[in-house]
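>>> only geometry, no sequence info:
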């Protein structure tokens, strides 16, 4: 096994490419700063309880100026979700491309998701989970298509791992187990603690591998 993690330089270059191609907004731009502030407020207060005035104040603009960037608070919510899924899908695809074995690819997916939740887009990922019902039906459909693409990367790798008996738990169930373990880490993991993110990713991977799950799969 020769897992290769994305470097900060590679991640930054990918973000710049996505910005230049129009897939995401520049995080340093007014629109990008607004989405970041909105994600934090929506996570902490909830979408419905967050006011336009609070959003504007957070980025230092007048309430009316907010609508020069986005037509409504609903559009801001959709963009928070869309931008997050697009970015993290692209990061996972890049990481998958530089890892070759199925086990290394699974390691790559785990590392990318931990990085997204614990460091880069934690507020945005929380909004995806907890504010889903705040999207109107049209916007739910748009975000769902992107989310399905994200999940397909996971399920394709897990299916290959299952076929090769690298894992012995049904892919759809294993994905749910890994989602729970990775998502819950936000509640206990300390970035300044003794456990590095690399070590956490390796431990999470070990939970999924065949030699760590003997006996469990017979129940599933």
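Done, it's in. Small disclaimer: the values here were computed from a predicted structure and weren't measured.
>>> any idea how far residue 56 is from the residue lying closest to residue 92 once chain neighbours are set aside?
Using Cβ to Cβ, 6 or more residues apart in numbering and skipping residues adjacent in sequence, the residue nearest residue 92 is residue 112, 4.7 Å away. For every residue, glycine as well, the C-beta is placed using N, CA and C. As judged by Cβ to Cβ, to the nearest Å, residue 112 and residue 56 stand 33 Å apart.
>>> if we can go back for a sec, OK, contacts around the residue nearest to residue 92?
Residue 112 is in contact with 6, 88, 91-92, 95, counting by Cβ atoms under 8 Å, 6 or more residues apart in numbering.
>>> Next: residue 157.
By Cβ under 8 Å, 6+ apart, the residues touching residue 157 are 96, 102, 105-106, 109.
>>> Could you pull up the mean pLDDT of the helix or strand harbouring it?
Residue 157 belongs to helix 137-163 when elements are defined using DSSP states H and E. Mean pLDDT, helix 137-163: 97.
>>> Can you give the distance of that helix from its chain's centre?
12 Å (Cα atoms, centre = their mean, to the nearest Å).
>>> In CSV, list the contacts of residue 112 along with pLDDT.
As requested, these are arranged in CSV below (pLDDT from 0 to 100):
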residue, pLDDT
6, 95
88, 98
91, 98
92, 98
95, 98
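>>> Among the contacts of residue 157, which one has the most neighbours?
The member of the contacts of residue 157 that has the most neighbours, counting by other Cβ atoms under 10 Å, is residue 106 with 26 neighbours.
>>> Switch the contacts of residue 157 over to JSON lines; also include distance to residue 123, pLDDT and secondary structure.
Converted to JSON lines, these look like this (distance: Cβ to Cβ, whole Å; pLDDT from 0 to 100; DSSP: H, G, I helix; E, B strand; the rest coil):
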{"residue": "96", "distance to residue 123": "25", "pLDDT": "98", "secondary structure": "helix"}
{"residue": "102", "distance to residue 123": "32", "pLDDT": "97", "secondary structure": "helix"}
{"residue": "105", "distance to residue 123": "27", "pLDDT": "98", "secondary structure": "helix"}
{"residue": "106", "distance to residue 123": "26", "pLDDT": "98", "secondary structure": "helix"}
{"residue": "109", "distance to residue 123": "21", "pLDDT": "98", "secondary structure": "helix"}
